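Asks: Coordinates for the following, if possible.
(2 chains)
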Amino acid sequence: MDSDSKRNDLAALQAKLARAKGRDLWRGLEEISDTPEFQRWVDDEFPYRATIPQVDRRGFLKFMGASMLLAGLSGCRYLPKEYIVPHVTNPEDRVTGQSVYYASTVVLGGYGTGVLVRSYEGRPLKIEGNPGHPSSLGSTDATIQALMHTMYDPDRSKNVTHGGEIATWDAALTMLRDRVAKHKSGELKGDLRLLTETVTSPTLAFHIRKLLAHCPGAVWHQYDAVSRDAAFRASATAFHSPAETVYDFTKADIVFSLDADFFSEGPGHVRYTRDFMARRKVEGDAANVNRLYAVESTPNLVGAFADVKVRCKASEVVSVALAVASRLGLNLGSANLPATVSPKFVDAVVADLQKNRGRAIVIPGEHQSEDVHAIAHAINAALGNIAVSYLAPVAAEWTDTETSVKSLAMDMASGRVETLLILGGNPVYNAPADLAFGEALAKVPVKVRMGLYEDETSALCDWHLPEAYWLEAWGDARAHDGTASIVQPLIEPLYEGKSHLEVVAGLTDKPHTGLELLKEYWKGNGLGSDAAWNKALHDGVIPNSTSPEVAATIVPFSVAAPQAPASIEVIFRPDPTIGDGSLANNGWLQELPKPLTKTTWENCAYLSPKTAEALNLNVWRDADNPKHDVVEVKLHGASVKVAAMIQPGHPDDSVTLHLGYGRTKAGKIGNGLGGDAYALRKVGGANWSGGATIERVGSTTLGNTQYHHSMEGRDLIRYGTVAQFAENPTLSPEPEQHAEEGEGKEPNLNLYKNAAKEHEWDGHQWAMAIDLNLCIGCNACTAACNAENNIPVVGKDQVSNGREMHWIRVDRYYGPREGDQNLEDPVTHFQPVTCMHCEYAPCEPVCPVAATVHSREGLNQMVYNRCVGTRYCSNNCPYKVRRFNWFNFANHHDVPVIKLRNNPDVTVRGRGVMEKCTYCVQRINVARIAEKKSGVPMKDGAIVTACQQACPAQAIVFGDKNDPGSAISRLRAEKRNYSLLGELNTAPRTTYLAKVKNPNPELEKA
Amino acid sequence: MAPKNPLEETFIEGEQSYASLDRAIGDIVLDQKRQPGLKWWVPFAIGFTLLQVMMLALTVLVFTGTGIWGINNPVGWGFAIINFVWWIGIGHAGTLISAILLLFRQQWRNSINRFAEAMTIFAVMCAGIFPLMHTGRPWVAYWLMPIGPDTLRMWPQFRSPLVWDVFAVSTYFTVSALFWFIGMIPDFATLRDRATKVFPKVAFGIVSMGWRGASRHWHRYEQAYLILAGLSTPLVLSVHSIVSLDFAVSLIPGWHATIFPPYFVAGAVYAGFAMVLTFAIPVRKWYALEHVITMKHIEWMAKIMLATGLFVFYGYLTEVFFAFYSGVEWERFMMMNRMTGPYWWAYWTLIFCNGLVPQILWSKKIRQNTAILFVVCMFVSIGMWLERFVIVVTSLHRDFLPSSWGMYFGTVWDWGLYLGTIGFFTFLMFLFMRFLPMINIFEVKELFSRMIGAKPASSPAVAKAEVGAHE
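Replies: Got it, this is the predicted structure:
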């Protein structure tokens, strides 16, 4: 194309246009000029073809080849160069595929619980209790079991941020050190304030104190949303000096609980459960057990277990305590007994306490008033109870946390605070609502937050520093009795996290690693030598670090007459699964049913049936009608909307709201669930507050794992009193029929009387026994199973349709209490149900592809790869323990960090296959391999299932029933031993031991 | 002529000849003007639309999982199994009519057997979708087949009734399809010979497999047909018996019952005849076939429904009786729960639909009133569906441990697939009516020849028919 012809002559164009007639439209100047090139262009079908290179065949192939190559490359990501170097000589202690356990310490609510953490090829996988640690003795609770979910939570904070933008640790620390220097020099007029949760860590406390000394005028505040303030205040009242109360349940014949939930709350509850249950074990025909009386507001596990239980409003517990005290000759004040507590109950308690002087425990609830605590101290002292001892405070700086946070908030609001460093906690979310912590925070010029998540508090701070998880950083903590132990990390921080200790220590000195700081501190505090350090690290306990006993003598005091409770009382309690809300983003805990109500994924307004009726709410919701009322609870001008749920046994005119829900910045899992009860909580009303109104505002569906609460008169849980047990040791409703059971003889339920046995059950034969007499229903077994067996989380919608995946569940039934047919205050029963591994398993013959088969050791095995998913096995399972993968629940391919959480010994199940309890076959295999390799027969107890290991009540026993000396054989020979639905002749390998309650015969007579 | 023969009843009405019968039935296929226009298009379009719903429901199912349905723990089976049993049951009338009535020499079957057999096949096709697609992993559902150790290294588990189901249903489908096809060969030949256009001529020519009407052909045909009838006869009893064993073999109260096999078979025949009538009543009118599917046929089918309905009702009463007589707490609870539990409405509606409504068929007037009869058939179809709903759902939703009790509700995908298969069935039935001889031409003519007294071939009417058939 020559250049001349391209040029259009403007004049010629205009002339052409002038000549045109009618409404001629033109596409471009070229058209008007009507050049031959344009004509060609118009005639051509693909006029822009010229932009495609003219290629021949070879060129085309080269072109395509290059395209394909580049297309492949675009799938790659540019990653920094890494070298993978194999070991030339394998380290002595490392065998690929074999797990190593390290002792560490879980810190919850400030207090440490010793644990052993399984490390598989460098990644922490499972948490077990540390048998050597006084708060654990080898057991854990459900919360600790679920912590591995938080470890691999993709929503954890990953970066230092400043004003929402990603920043560096260098920048943050330089800024902080600069601020500290300026505060020290007085350049900054305002205060430096530090806000933590309760700290028991000796090293952290040492460095905080160092910071406070370094920088005069700096103040250390502590705040726990779920605090031990009442215990602190009471020791001030009763002893005039802070003292930690520690109980030894093994020494108590009578336990009187004043609204205490020592099975699931407060420091040492795992240990307490274990000790308590040591006194509940029934062996043979004699039941020599302790007796538990409980006064209870919000129903809890202790009340559910109690031999004698009464209910009253939270504010009335003090009246019961006073009544008992005055009957015991203590003049602390006077009060009228609540209507729901009969004088006979007080008589019985007083008589038993007097009869068992010295061998009783009166234990106040963590969430009861300081008055109740003080009265309990007085009674224990008066009775000379040796099971109760007083230690120097475990917390480094035991304070009244409510007062502490209040003074901080007021100082912030008045502008006195120049720099605020918040370590952990989440005060914007959970500080008392009337402090308006968030608004006050806005007045602080520089506010730095260090936390695991970028949560509500981080959002209002200038800086956010990512905190390393306890499995990622060194630290230490003290147990309920003061025993110190090391928090030993098992992995480098997954993200940029650091520990509180490293940051605080780095403000006054040059930065050190956590390990250096710890070693340095403990060198001067009992671990002088490397050997001592190594031993303490290995054992998970620092020797001789228990808090010293203090002489706690009761100073005379009196308790003001309790005020008459005002209208409807709101009781605030930490949530039974997610606690104060810091674990809201933990899917395992969210999906773990609340032990008593079996609700998941949200908090509810729990009401007594009578109160619900009075409020015109629909009561006794059942599966027939899955809609629950939503209510608005209004208190002092604030309100929260949650589903209403009937909680039998709840005191009337009260409503329980669990804390920890209604989060807005918890993470993908925890956001927007339930209602925020903190909004109603004010200073002075942390545990309950009267004067609420409740109104029905709508309806919703709850994700409950159990909808039916009655045993329908069926022989599912066998129970009886000590007296009934003496008469009928099987506690069977039909003693004659079941007489043969439990004495090693199995009743012949076969239609063909002389039929040859189908199998020779020789060699190891696995069996499990669950002692219902010990089970407290805490769900630790379920949580442990989740963690061990890669159980997927399915979400509320799926749970509400009965699709939760738990391999072991705890069934909860209500039964009528003597003289109460309305189920206003029923007796609660728990029954953990897992695969029964039936010898004649109904699931096996119906599977069309033989995907569920029996092993020669008596396991009912599920072959995932073979399963086609007809669900016939599940239909035919009378125990309904089989779980189906309705969707691809376990698929986390988009979030690689979640895959790290999986136990490599357990298959991750895909969509469309059935699954169920395996008796932890991976653990059996480990023991069996060891046995085969060594040739030494395995000892009883060599195999511990995950549920058994976690159980704080030691209610689950597993072993070889063919070994006559094994614990399981002994239990199966107990007369209390029975098979669930035994008449179906499924011959379950999991059996139950009947429950023996020890009520006061005097009260029974009434 | 035999002394008292059903032939004395008139099964072909009006003045007929072989040619008029050929025209009446054959021309429906060959002469598209004989099609009833919108009366064909509207139901066909509805069926086709619902077929798309079925395809969508299946696609979503395969891509996401059975979780889109309402099934759960404890109710592991829901609409899929209910629909499966329902559809298999519907197929039973066809087999009964073609096989058992053939062996019993019930001549009246001749004008309805083809139609009923088509329903059997289509119903089994609809039924087959469910057990396949309700598995968690339908792509490996072929493991239920006895493909054997050579390829899969493992047999299926022969103790499971689901494996028996595979055998029962696949045999049933194969035999029914063969029976249907072989029965159509002489008619295909007739159509081939009568066709004037090229396509039908070639198409029917291929499927008539060279039929010339030779006496050797007829001889072999009769033998093959009798053998297949002999094979089908036990299937009428066995298929639904085996389906019922899916339930009876289990230990779930409400499923574990020895009454199930006979009770299921009776229910199947009952539902099958209801469905045959549901289609026959409008179709005979639209296609002007009242002289071939006569009121007599309608009435006799109604009588069979009444009889089988009484069997079924007896089954319900037996279940109740044994629940209480057994003294088993689970059985008693199950029955009380059915009657008074959350699904009471399903149980009582089923008793109403299946037990009470058909009692009006005692009246001859009602048996001959096609409108009322049509409504009764609808009730029976709904009732039989509810029967399976009650068996599957109310037994599972509250079994042994109250802690595991739950509820079951179908989701939009459950309903979509169910209605979708109804669409699939309608779609196939209307295609069949349009493109295949829906009434057995040669058997009707044979019946006709006996009715007119088996006159020799010299009779003009017969001669004409012969020409039509053998050209």
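Asks: Can you name the residue of the stretch 51-200 of chain A nearest chain B?
Replies: When scored by Cβ to the nearest Cβ, the stretch 51-200 of chain A has residue A:142 as its residue closest to chain B, at 18.5 Å. Every residue, glycine included, has its C-beta placed from N, CA and C.
Asks: number of nearby residues for that residue?
Replies: Neighbour count for residue A:142, taken as other Cβ atoms under 10 Å in any protein chain shown: 23.
Asks: Wait, it touches residue A:777, no?
Replies: No: the criterion here is Cβ atoms under 8 Å, and residue A:142 misses it with residue A:777 at 10.6 Å.
Asks: Looking at the residue nearest to the residue of the stretch 51-200 of chain A closest to chain B when sequence neighbours are not counted now. What's its pLDDT?
Replies: Of all residues beyond its chain neighbours, the one nearest residue A:142 is residue A:783 (3.9 Å), with distances taken as Cβ to Cβ, 6 or more residues apart in numbering or on different chains. Turning to residue A:783, the model gives it a pLDDT of 94.
Asks: Let me see the contact set for residue A:783.
Replies: Residues in contact with residue A:783 (Cβ atoms under 8 Å, 6 or more residues apart in numbering or on different chains) are A:141, A:142, A:143, A:145, A:146, A:588, A:589, A:592, A:950.
Asks: How much space separates the closest residue to chain A within chain B from residue A:444?
Replies: Across chain B, the shortest distance to chain A (Cβ to the nearest Cβ) belongs to residue B:136, at 2.0 Å. Taking Cβ to Cβ, to the nearest Å as the measure, residue B:136 falls 56 Å from residue A:444.
Asks: Which residues are in contact with the residue nearest to residue B:409 when sequence neighbours are not counted?
Replies: Sequence neighbours aside, residue B:70 is the residue nearest to residue B:409 in space, at 4.9 Å (criterion: Cβ to Cβ, 6+ apart). Counting by Cβ under 8 Å, 6+ apart, residue B:70 makes contact with A:801, B:78, B:79, B:408, B:409, B:410, B:411, B:414.
Asks: Give me the three-state assignment for residue B:70.
Replies: Under DSSP: H, G, I helix; E, B strand; the rest coil, the three-state class of residue B:70 is coil.
Asks: For the stretch 51-200 of chain A, which segments count as helices?
Replies: A:57-74, A:142-151, A:169-185 (DSSP state H, counting those that start in this stretch).
Asks: Which of these comes out lowest on mean pLDDT?
Replies: Among those, helix A:57-74 carries the lowest mean pLDDT (a mean of 79).
Asks: can you give me the offset of that one from its chain's centre?
Replies: Counting by Cα atoms, centre = their mean, to the nearest Å, helix A:57-74 is centred 55 Å from the centre of its parent chain.
Asks: That helix: which residues count as buried?
Replies: Residues of helix A:57-74 classed as buried: none (neighbour count, 16 or more other Cβ atoms under 10 Å in any protein chain shown).
Asks: Only the C-alpha atoms, please, for it, written as PDB.
Replies: Below are the C-alpha coordinates for helix A:57-74, written out as PDB (Å, rounded to 0.1, in the frame of the first residue of the first chain):
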ATOM      1  CA  ARG A  57       2.200 -25.200   8.400                       C
ATOM      2  CA  ARG A  58       5.500 -25.500  10.100                       C
ATOM      3  CA  GLY A  59       5.100 -22.100  11.500                       C
ATOM      4  CA  PHE A  60       1.600 -22.900  12.700                       C
ATOM      5  CA  LEU A  61       2.900 -25.900  14.600                       C
ATOM      6  CA  LYS A  62       5.700 -24.000  16.200                       C
ATOM      7  CA  PHE A  63       3.200 -21.300  17.200                       C
ATOM      8  CA  MET A  64       0.800 -23.800  18.700                       C
ATOM      9  CA  GLY A  65       3.600 -25.600  20.500                       C
ATOM     10  CA  ALA A  66       4.800 -22.400  22.100                       C
ATOM     11  CA  SER A  67       1.300 -21.600  23.100                       C
ATOM     12  CA  MET A  68       0.800 -24.900  24.800                       C
ATOM     13  CA  LEU A  69       4.100 -24.500  26.600                       C
ATOM     14  CA  LEU A  70       3.200 -21.000  27.800                       C
ATOM     15  CA  ALA A  71      -0.200 -22.100  28.800                       C
ATOM     16  CA  GLY A  72       1.400 -24.700  31.000                       C
ATOM     17  CA  LEU A  73       3.800 -22.200  32.500                       C
ATOM     18  CA  SER A  74       1.000 -19.900  33.500                       C
END
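Asks: Next, the contact list for residue A:657, please.
Replies: Counting by Cβ under 8 Å, 6+ apart, residue A:657 makes contact with A:570-573, A:603, A:605-606, A:633, A:640, A:642, A:675, A:677, A:680.
Asks: Next, give phi and psi for it.
Replies: Phi and psi for residue A:657, reported as degrees, to the nearest 10, are phi -120, psi 130.
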